[in-house]
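>>> Generate a structure from the sequence data that follows.
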Amino acid sequence: MEHVINWKDIFTGRLSEAGFSEDEITTIYTVEMDLREFFEFDGMMPGCLRLQNIERGGSSIIYYWESESNEAVCPHCNAKSSRETHDFYDRRVQDIPQWGMTVYHVIRCKRYFCHSEDCGKDRFVERFFEFADESAWVTRRFKEFCIERSLGCGCNRAEREIRAEGGVVSDDTIGRYLKAKATGVIEINMARDNVKVLSVDDINLRKGDKSSGCTVFIDAEAHKVLIIVRGTTKEATKRVMELFKSAEFLSSDRASAYTSAGSEEEKVQVADRFHLFQNAQKAVKDALAAGIPATVLVRDGDGWVMVAKADSSNGDTYYTVPEETTEERIKFAELTPAKAEKYRGTLKLIELADKGMHTADIAKEMGIPYNKVQQLRRSAANTIRDVNERISSKIAKINEQEAIEESGLELPGANSEKTVAGDRVKPARESIVEPFRETVVEMWKAGGNHRTIYPELQSQGYTGSANAIYQYILQLGKEMPEEIARERKPKAEKKLDEGFDPAQAKELPELSLDSVARDSIYKAVLKEARLSRTTEKEAESKEEADQERPKDEEPKAKGSRPASSSSSPFSAKVLDLIYGPEDDTEKQEKKTVDVKKNCT
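Purely as a prediction, here's the structure:
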């Protein structure tokens, strides 16, 4: 059982210990309760209620009130009565939580006799509707508190937050409060007779589920929702439109159900701005789709040769790659026959697309299936980029080999294609071979390899594999090449790569290709249009301002202040920081204005 602290007992007990009489204690306690009532509940509690006591437990605070009314209105027949029954009814109502505890008000209400002969009740309990609704166990402000919280985060989240603060409420109850509030708003909206422009649109309560479709009715001038009804049919629309006889215009997305309902109700119909812009954008997109492929290929480099169409009178051009250049790139990239064929097909596809041929015509011209042309187009940029990277990688590798031969040193892995790379490869210091680093480095520089080093490490207690030693040596070569490099053994002269001339490969004409989505082009067009429109408006505004300014008037300096700065809440220091210090002219003008105000 939780411990309860009684305010009246503690307060009167302390005053009694201080030597106050009972009459003095009663007077002081009454004043204390009146002051607490005024500061904590002013405007909330009915004027006839007086605070009597406060109790605080481990999780709740209870305020005790008593009615001092002389009359009350019968809730059944609305007749006034001043005859008390000298009986009481205690009503417990929850209020907004405080300090993490639940707050309750226990109100002792009076009972009255009803004098009306037409009323079926002979007695009744007085009501306080300004404080709490009929038969409600919470205050009006607690309901508003729950509604405001749920509008920001939803009923479930609102329940958790209110309970964490000490309130006792469920998400279902909060939902009922919301619906009751919405009902009152809808009833007020339905009684309005000043709606001129009625806007309608459809929404789905569940995304993508048309069976949950609803129609939203909005006052287009006030930008406020009037009502939301289930269904998107003509009948549902007419049912609501009949309530707003004052509406002259109907704004919609031109759906058949809404236009039919508007025609039958004889409303002037207009298309709403959102759908006008949406339809305009769709028209632009359709036009781009008809003239521009989904992926636009952008060529760069001097390997693309521009050729004028022989059968065109308007001087159109297309781009091609000479066959000699194509074969040289295939040779230097060391492409397999399948990849070489794909590379040739990609270049041919780009050439035919530049000539203005459609996918079906390209497939017929190249003698390949339609979907094969689509695949080549989607992978065109990657195909060109892969060949470029292969050639660049080959040149870099040969240059590296030449540099190593000139230095007379040899690094691990020079005669092997196997490498150590990737994010998952651990550094050499975390290898099982790390404790034997000195031995490994010494034997490697002496001409050994992982197979000859392995038995020696086993004799020293090594328990790993020979491959781990090999990987360790390769990792050292990547991390510390100076430490692991050894002198190269003399051997028969051998060409680095038969048939590959790095100098000739470097002289190949550049050939690159980027792919840009059609939507990206559309967004770029919109952006440029917006920027150009903004620039034109700024130029027009500046020209108008120059024309309106008198000839003898000089434009204000960059740091001059607007007129509103005189009533700004910022301090003079902050204003100086924002607008710069005032010049003498501005100070004089400000002083003149202040003098005129004082005279007025």
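>>> Pull the number of nearby residues for Thr320.
Using other C-beta atoms under 10 Å, Thr320 has 18 neighbouring residues. Placement of C-beta: from N, CA and C, glycine included.
>>> Settle this for me: it is touching Val305, isn't it.
Yes - the criterion here is C-beta atoms under 8 Å, and Thr320 meets it with Val305 at 5.5 Å.
>>> Do a quick rundown of the helices in the stretch 51-200 of the chain.
Assigned by DSSP state H, counting those that start in this stretch, the helices in the stretch 51-200 of the chain fall at 140-153, 155-165, 171-190.
>>> mean pLDDT lowest for which of these?
For these, mean pLDDT drops lowest on helix 171-190, to a mean of 88.
>>> could you say what helices and strands that helix packs with?
On a contact count with 3 or more C-beta pairs under 8 Å, 6 or more residues apart in numbering; DSSP states H and E, helix 171-190 meets helix 140-153, helix 155-165, strand 224-230.
>>> tell me the mean pLDDT over the shortest one?
Taken as a whole, strand 224-230 has a mean pLDDT of 88.
>>> Partner strands of it, with direction?
Neighbouring strands of strand 224-230 in its sheet, by DSSP bridges, are strand 213-219 (antiparallel).
>>> Between helix 171-190 and the partner strand, find me the angle.
With axes from the mean of the first three to the mean of the last three C-alpha atoms, to 10 degrees applied, the angle from strand 213-219 to helix 171-190 works out at 50 degrees.
>>> Buried residues, strand 213-219. List them.
Neighbour-count burial for strand 213-219, counted by 16 or more other C-beta atoms under 10 Å, picks out Gly213, Thr215, Phe217, Ile218, Asp219.
>>> Which strand residues bridge the second one?
When bridges are taken as DSSP bridges, the partners of Thr215 come out as Asp202, Val229.
>>> does it really touch Thr237, like I thought?
Yes - shown here, Thr215 and Thr237 form a contact pair, counting by C-beta under 8 Å, at 6.1 Å.
>>> Which neighbours do the two have in common?
The contact sets of Thr215 and Thr237 overlap at Val200 (C-beta atoms under 8 Å, 6 or more residues apart in numbering).
>>> confidence score at Ala360?
pLDDT recorded at Ala360 is 90.
>>> Can you list the low-confidence ranges for the stretch 451-600 of the chain?
Scanning the stretch 451-600 of the chain for pLDDT under 70 picks out 488-500, 546-600.
>>> go with 90
451, 464, 466-467, 469-600 (pLDDT under 90).
>>> Show me where it has its helices.
Assigned by DSSP H, counting those that start in this stretch, the stretch 451-600 of the chain shows helices spanning 466-479, 481-484, 502-506, 518-548, 572-579, 584-599.
>>> so what does the first one touch, helix or strand wise?
It refers to helix 466-479. Helix 466-479 sits against helix 437-445, helix 450-459, helix 481-484, with contacts defined as 3+ C-beta pairs under 8 Å, 6+ apart.
>>> what's around Glu536, how many residues?
10.
>>> what do you get for Gln98?
If you count neighbours by other C-beta under 10 Å, Gln98 ends up with 13.
>>> Ser60 is in contact with that one, correct?
No - the criterion here is C-beta under 8 Å, and Gln98 misses it with Ser60 at 10.1 Å.
>>> between the two, what contacts are shared?
Common neighbours of Gln98 and Ser60 (C-beta under 8 Å, 6+ apart) are Gly166.
>>> just to revisit the earlier point, okay if I get the helices of the stretch 51-200 of the chain as CSV plus distance to Lys282 and mean neighbour count?
Formatted as CSV, those follow (distance: least, C-beta to C-beta, whole Å; neighbours: other C-beta atoms under 10 Å):
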stretch, distance to Lys282, mean neighbour count
helix 140-153, 35, 17
helix 155-165, 38, 16
helix 171-190, 33, 14
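>>> now for those helices, which one comes closest to Arg91?
Counting by C-beta to C-beta, Arg91 lies closest to helix 140-153 out of those; the figure is 14.2 Å.
>>> Which elements pack onto the closest one?
Helices and strands in packing contact with helix 140-153 are listed as strand 84-98, helix 155-165, helix 171-190; criterion 3+ C-beta pairs under 8 Å, 6+ apart.
>>> let's go with 6 Å and repeat that
strand 84-98, helix 171-190 (3 or more C-beta pairs under 6 Å, 6 or more residues apart in numbering; DSSP states H and E).
>>> what mean pLDDT would you report for the first one?
By that I understand strand 84-98. 92.
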